[in-house]
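# What would the 3D arrangement of this be:
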Amino acid sequence: MMKTVEIFTDGACSGNPGPGGWAALLRFGDVEKMISGGSANTTNNRMELKAAIEGLSSLKMPCQVTLYTDSQYVQKGMTEWMPSWQRKQFKDVKNPDLWKSLLAAAQPHRINWQWVRGHNGHAENERVDEAARKAAEPFGYRPN
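Alright, predicted model coming up:
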């Protein structure tokens, strides 16, 4: 029986490219763990991808995952666009390194990719947004 886990992810960037951060909140039952990180020179899409990669990579065994993201780029990339990108061997796809990492991180799990509207009062999305911004501050992040 696979464990059921929820992962809430977000990325933040000031300037595009510019300093950015990512965060993922993992929830298993009543247990929560927040992870985050940042980069000095990145893009918002790279931080959104990194949040999903790191969230999934931190799971220690195959799980049934519901992954919530406010990035349609991440959600549609994994649910709609990926077969075509793989057929083209990621030719003309932006961020192929991170898409390949996300595919590898997702492989052991059964994932339901859920899009949520950002900055719309979704409690966990607000928490990961704040954590991503905070993670970017050491790299020079300034709110827009």
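
# Look at residue 120 and tell me its secondary structure.
coil (DSSP: H, G, I helix; E, B strand; the rest coil).

# where do the strands sit along this structure?
Secondary structure of the chain by DSSP state E: the strands cover 3-13, 18-28, 31-42, 63-69, 110-115.

# As CSV, those with distance to residue 92, mean pLDDT and mean neighbour count would be great.
C-beta: built from backbone N, CA, C; applies to glycine. Converted to CSV, the strands of the chain look like this (distance: least, Cβ to Cβ, whole Å; pLDDT from 0 to 100; neighbours: other Cβ atoms under 10 Å):
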stretch, distance to residue 92, mean pLDDT, mean neighbour count
strand 3-13, 22, 97, 25
strand 18-28, 23, 98, 24
strand 31-42, 21, 97, 17
strand 63-69, 23, 98, 21
strand 110-115, 23, 98, 15
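
# Would you mind putting those into CSV with distance to residue 85 alongside?
Below are these laid out as CSV (distance: least, Cβ to Cβ, whole Å):
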stretch, distance to residue 85
strand 3-13, 20
strand 18-28, 21
strand 31-42, 21
strand 63-69, 18
strand 110-115, 15
